[in-house]
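S.K.: Sequence and predicted model, in that order:
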Amino acid sequence: MSIDYILSILGPMLEGAQMTVLLFLVAIVISIPLGFLLMLAVRSSIKPLSWMAHTYIYVMRGTPLLLQLLFICFGLPMLPVVGEYLVFDRFVAACIGFILNYAAYFAEIFRGGVLAIDKGQYEAAQVLSMNKWQTTTRVILPQMFRIALPAVANESVTLVKDTALLYAVAVPELLHFAQTAVNRDFTIVPFLVAGIIYLIMTLLLTMFFKWLEQRFKFE
């Protein structure tokens, strides 16, 4: 394994890693708030809204992310009448797919966080004469986020690894450049380098969430 060879392939692979990081940031920043809104919809007393949210979560969690990406990239443009208006740039289509998919998972994580809160917390808020809004914002949500944080961290690490699916829809990310180098040079070294880059990204993300957990723990 030549250092010169590794340095020669590192530039393009880091360029691909930038696309990986960009997708991760877009997906995580939008899917977490969307997941929270979905959780509220699921728990809504408006039955049609709750049913639609339940159905959406079931469909998105029950079908493969790769299938969803392929459908958004290649299936939507084939729809009659409206298909011509649903042609997206590949990266934009991938972002939409990741956001819609991960929002469903985050919704379930948040729902689990709410269900884990002891009912005594609600009763204590009533004793303190808190209204529903105060109970939700001051008591329920802070505890929900604290409970859900480890699961959110785990799902976020999974998101980093799932960005490799961009390769299937022809978006030039990290794995694309690794595969190109392997096919060109007949060596597995690019795969090893890609693996190390993924490990570094997940390590940094894990350290960030560990810091968040420690901060919430002492608040």
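M.R.: On my side now, so go ahead.
S.K.: Name the residues of the helix or strand hosting Gly97 that are buried.
M.R.: Gly97 is located in helix 90-115, with elements delineated by DSSP states H and E. Counting neighbours by 16 or more other CB atoms under 10 Å, one finds that the buried residues in helix 90-115 are 90-91, 93-111, 113-114. Any C-beta I mention is one placed from the backbone N, CA and C, and that applies to glycine too.
S.K.: Identify each buried residue in the longest helix along the chain, please.
M.R.: Determined from DSSP state H, the single longest helix within the chain is helix 3-42. Of the residues in helix 3-42, those buried by neighbour count under the rule 16+ other CB under 10 Å are 9, 12-13, 16-17, 19-20, 23-24, 26-28, 30-32, 34-36, 38-42.
S.K.: quick one: it to chain centroid distance?
M.R.: Offset of helix 3-42 from its chain centre (CA atoms, centre = their mean, to the nearest Å): 9 Å.
S.K.: Equivalent analysis for stretch 163-183, please.
M.R.: Between the centre of stretch 163-183 and the centre of its chain there are 19 Å (CA atoms, centre = their mean).
S.K.: Pull the residues that contact that stretch.
M.R.: Contacting residues not belonging to stretch 163-183 are listed as 9, 12-13, 15-17, 19-20, 23-24, 65-66, 69-70, 73, 90-91, 93-94, 98, 187-191, 193-194, 197-198 [CB atoms under 8 Å, 6 or more residues apart in numbering].
S.K.: rerun that using 7 Å as the cut-off
M.R.: For stretch 163-183, the surrounding residues in contact (CB atoms under 7 Å, 6 or more residues apart in numbering) are 9, 12-13, 16-17, 19-20, 23-24, 65-66, 69-70, 73, 90-91, 93-94, 188, 190-191, 193-194, 197.
S.K.: avg pLDDT for that stretch?
M.R.: Averaged over stretch 163-183, pLDDT sits at 87.
S.K.: packing partners for the helix holding Gly97?
M.R.: Taking 3 or more CB pairs under 7 Å, 6 or more residues apart in numbering; DSSP states H and E as contact, the helices and strands that helix 90-115 lies on are helix 3-42, helix 47-62, helix 65-70, helix 141-162.
S.K.: quick one, that helix and helix 3-42 angle?
M.R.: Using axes from the mean of the first three to the mean of the last three CA atoms, to 10 degrees, one finds that helix 90-115 and helix 3-42 are set 50 degrees apart in direction.
S.K.: Return the residue of the protein that is most distant from the centre.
M.R.: Ranked by distance from the centre of the chain (CA atoms, centre = their mean), the top residue is Val127, with 38.5 Å.
S.K.: For that residue, give me the pLDDT.
M.R.: 70.
S.K.: Okay then, goodbye and thanks.
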